[in-house]
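Asker: Here is the input, now give the coordinates:
(2 chains)
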There are 2 protein chains.
Amino acid sequence: MEVRNKYVTTKNHIDGAPNASDFCICEESLSLNLQTADHEGISNDVVVVQNLYVSIDPYQINRMKTHSCSHNIVPAASAVLPGQGIGGSGVGRVVDSGNPDFKAGDVVSGNLNWGEYTVVKGGRLLQKLDTSLGFPLSYYAGGVLGTSGLTAYAGFFKVCKPKKGEKVFVSAACGSVGILVGQYAKLFGCYVVGCAGSKEKVDLLKNKIGFDDAFNYKEETDLSSTLERYFPTGIDIYFDNVGGEMLEAAIQNMNNFGRVTICGQISEYTNTQKRAKLDMIRVLYKRIRIKGFICPDFMDIYQEFISTTTQYLQTSKIKVIEDISYGVDSIPEAFLHLFHGNNIGKKVVRIAQD
Amino acid sequence: MEVRNKYVTTKNHIDGAPNASDFCICEESLSLNLQTADHEGISNDVVVVQNLYVSIDPYQINRMKTHSCSHNIVPAASAVLPGQGIGGSGVGRVVDSGNPDFKAGDVVSGNLNWGEYTVVKGGRLLQKLDTSLGFPLSYYAGGVLGTSGLTAYAGFFKVCKPKKGEKVFVSAACGSVGILVGQYAKLFGCYVVGCAGSKEKVDLLKNKIGFDDAFNYKEETDLSSTLERYFPTGIDIYFDNVGGEMLEAAIQNMNNFGRVTICGQISEYTNTQKRAKLDMIRVLYKRIRIKGFICPDFMDIYQEFISTTTQYLQTSKIKVIEDISYGVDSIPEAFLHLFHGNNIGKKVVRIAQD
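Answerer: Below you'll find the model as predicted:
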């Protein structure tokens, strides 16, 4: 069977703030049957997937730059070339498979394109999903049971190395990772304050998600004083998703032996002028540790993460907030909105019905 | 016996670059005999020490500021108040003692004043020196067998956590700590490049101290390109004594999982405008760890440090470079010179003959 496959590409490298005009919705003709297809002549390791959900994540902007230190780190974060498909976390259903590990009808998660179908070639990470637990499939598309979950879990437990009772600050706390970090930290026994960019988000964090406190950074004029107000005895752990001024302010409020975990730097992704000017004298005397990390380094704890998080979900101890758009056409706007903080929780695009 | 004790004080807090006019050479009348003295009425835990060598260290400037995050960290780094004596690492000889652990004639090291005598009250760190090894006493005055040595040893081995063969960059490499870090790193099996501020220092590092390479940062216009030239395959460990632009440039050249150890930030001590604007996106993707530390946290490895370093000294594997001035009158200038990079190696002032 031959279908039209609609997918998103970039028209050019994007080195500043992204605009709708940087993206293109393309169409191609695609054979869904490997017997009749010629997928670059390699059919014995090719899996054709109909995408169901694709994840929309801020880090993708770094892949779209002309130059970025991220380009050569891991294949999943390599450069996005103009005109080519854009891979990311996703969930789909196998339509046809030349790979004996997968058969038509299998539900899979892995690196899928921002589009209706993905032709997955050998070597690209794809795994069969156990759907028997009955969780929404979107959870696996870069969500609570996917990369955002693993990032939050590994970043908090393995990089921050928390102790019970410690004071934790989370920025972009209503983002896909931040909202989970706060919940892991609460479940572990920490005091957690988050910041976000609207009253709605702050209310959600305090009243529904269970953060001890939260504030709208857009209403604050001096972030260092703000943090001093929320942490009169100082911050032990700062889980940084934004960088820039918030990182500067957090450093000013860190306790001795405080840990700053660099997970995202969204305020700097589209504007290198926002680089944080850090008070390194304080880093020195307070013996602060600042550590960057990326989630692919933590695949060895994947099972621990999945089993812990599954239990929390089954007992409703973790709440999942998703922000879902529909259809390939909505992808560019969904992506652009991330940089204006328009999403609440995990941003996913549903491409087709489960 | 009563003597005139000449000592140094500050006239005021010093919040920018220090000047000679900020310091005062004072004199007081001091009884060297506890029986006749009234040292705040507490004679049973008082030790009167004639200072032989006092250490001159850049961190002292932070103690002299009106406000500094260093003021409440450890007693030895607490605020220096105008008009009061200035304590620091030193070596001296006990003149009289109300403390049974010390007797007249003992050679001791500890927190001694920038002056001719120190009246050491209970609780202030003082330890008897074993002089049988025959090392110059200056080595114990904040030197290779004192705080600079422990700082270099602990900072390199315990904070940087080196692996053999790794590429190490040391700034202020001709300073008291840097020159030792480079030698520990070479002895451990690392590749070591240092930077310093004059041709004389660079020649010393390359030709006498045994650094693999060294450069004069004052001759460079683009420090990031400079580091790329000296580390074509990247830096694994940056031992930072200076901060500012050099720290920015080092971050640009760190390898995956690189470690940046924040030991000193001399370029920022007298000018907060020099704060480093760090590329945190690189810290994230390269999974860089930045860690501040201070040497009092590592007293638990003091014996390990002393025994290792003593062996290295006895077998001439570590070379000691000292920059010695003479007399209390020379202390303010010796201190000011640190901030212009005029010292080569460990700066000490000899107060009296051994």
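
Asker: Can you give me the pLDDT of the nearest residue to A:I262 once chain neighbours are set aside?
Answerer: Leaving aside its chain neighbours, A:I262 sits nearest to A:G292 (4.2 Å; criterion: Cβ to Cβ, 6 or more residues apart in numbering or on different chains). For the C-beta atoms, the positions are set from N, CA and C on the backbone; glycine is no exception. We have a pLDDT of 98 for A:G292.

Asker: residue contacts, A:G292?
Answerer: Listed by Cβ atoms under 8 Å, 6 or more residues apart in numbering or on different chains, the contact set of A:G292 reads A:262, B:280, B:282-289.

Asker: where along the stretch 1-150 of chain A do the strands fall?
Answerer: A:2-10, A:23-31, A:47-55, A:87-97, A:107-113, A:117-120, A:126-128 (DSSP state E, counting those that start in this stretch).

Asker: can you list the ones you listed in a markdown table and add distance to A:Y312 and mean neighbour count?
Answerer: Shown next, in a markdown table, are these (distance: least, Cβ to Cβ, whole Å; neighbours: other Cβ atoms under 10 Å in any protein chain shown):
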| stretch | distance to A:Y312 | mean neighbour count |
| --- | --- | --- |
| strand A:2-10 | 33 | 18 |
| strand A:23-31 | 36 | 15 |
| strand A:47-55 | 20 | 25 |
| strand A:87-97 | 20 | 24 |
| strand A:107-113 | 19 | 23 |
| strand A:117-120 | 30 | 25 |
| strand A:126-128 | 21 | 17 |
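
Asker: Quick one: closest of the ones you listed to chain B.
Answerer: Nearest to chain B, of all the strands of the stretch 1-150 of chain A, is strand A:87-97, at 16.5 Å by Cβ to the nearest Cβ.

Asker: how close does A:T308 get to B:V159?
Answerer: 31 Å (Cβ to Cβ, to the nearest Å).

Asker: my bad, A:K291
Answerer: A:K291 is 13 Å from B:V159, by Cβ to Cβ.

Asker: More neighbours: those two, which one.
Answerer: For A:K291 versus B:V159, the count of surrounding residues by other Cβ atoms under 10 Å in any protein chain shown is larger for B:V159: 24 against 21.

Asker: after the lengthiest helix in chain A, next one along is what?
Answerer: Across chain A, the longest stretch assigned as helix under DSSP state H is helix A:302-314. Per DSSP states H and E, the first helix or strand lying C-terminal to helix A:302-314 is strand A:322-326.

Asker: returning to that earlier point: so can I have JSON lines of the strands of the stretch 1-150 of chain A showing mean pLDDT and distance to A:A173?
Answerer: Compiled in JSON lines, these are given as follows (pLDDT from 0 to 100; distance: least, Cβ to Cβ, whole Å):
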{"stretch": "strand A:2-10", "mean pLDDT": "95", "distance to A:A173": "28"}
{"stretch": "strand A:23-31", "mean pLDDT": "95", "distance to A:A173": "28"}
{"stretch": "strand A:47-55", "mean pLDDT": "97", "distance to A:A173": "19"}
{"stretch": "strand A:87-97", "mean pLDDT": "95", "distance to A:A173": "21"}
{"stretch": "strand A:107-113", "mean pLDDT": "96", "distance to A:A173": "26"}
{"stretch": "strand A:117-120", "mean pLDDT": "94", "distance to A:A173": "32"}
{"stretch": "strand A:126-128", "mean pLDDT": "92", "distance to A:A173": "30"}
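
Asker: Quickly note the distance from the closest residue to A:Y217 other than its chain neighbours to A:N256.
Answerer: The shortest distance from A:Y217 to any non-neighbouring residue, by Cβ to Cβ, 6+ apart, is to A:C195 (4.6 Å). Counting by Cβ to Cβ, the separation of A:C195 from A:N256 is 23 Å.

Asker: same thing with A:S31?
Answerer: Distance from A:S31 to A:N256, by Cβ to Cβ: 63 Å.

Asker: quick one on the thing from earlier: let's see which of the contacts of A:G292 end up in strands.
Answerer: Judged by DSSP state E, strands contain the following of those: A:262, B:289.

Asker: so A:K128 touches A:F102, yeah?
Answerer: Yes. Applying Cβ atoms under 8 Å, one finds A:K128 in contact with A:F102, separated by 6.8 Å.

Asker: anything in contact with each of the two?
Answerer: Residues within reach of A:K128 and of A:F102 at once, by Cβ under 8 Å, 6+ apart, are A:V108.

Asker: A:S109 - nearest residue in space that isn't next to it in sequence?
Answerer: With Cβ to Cβ, 6+ apart as the criterion, A:S109 has its nearest non-adjacent residue at 4.4 Å, and that residue is A:Y140.
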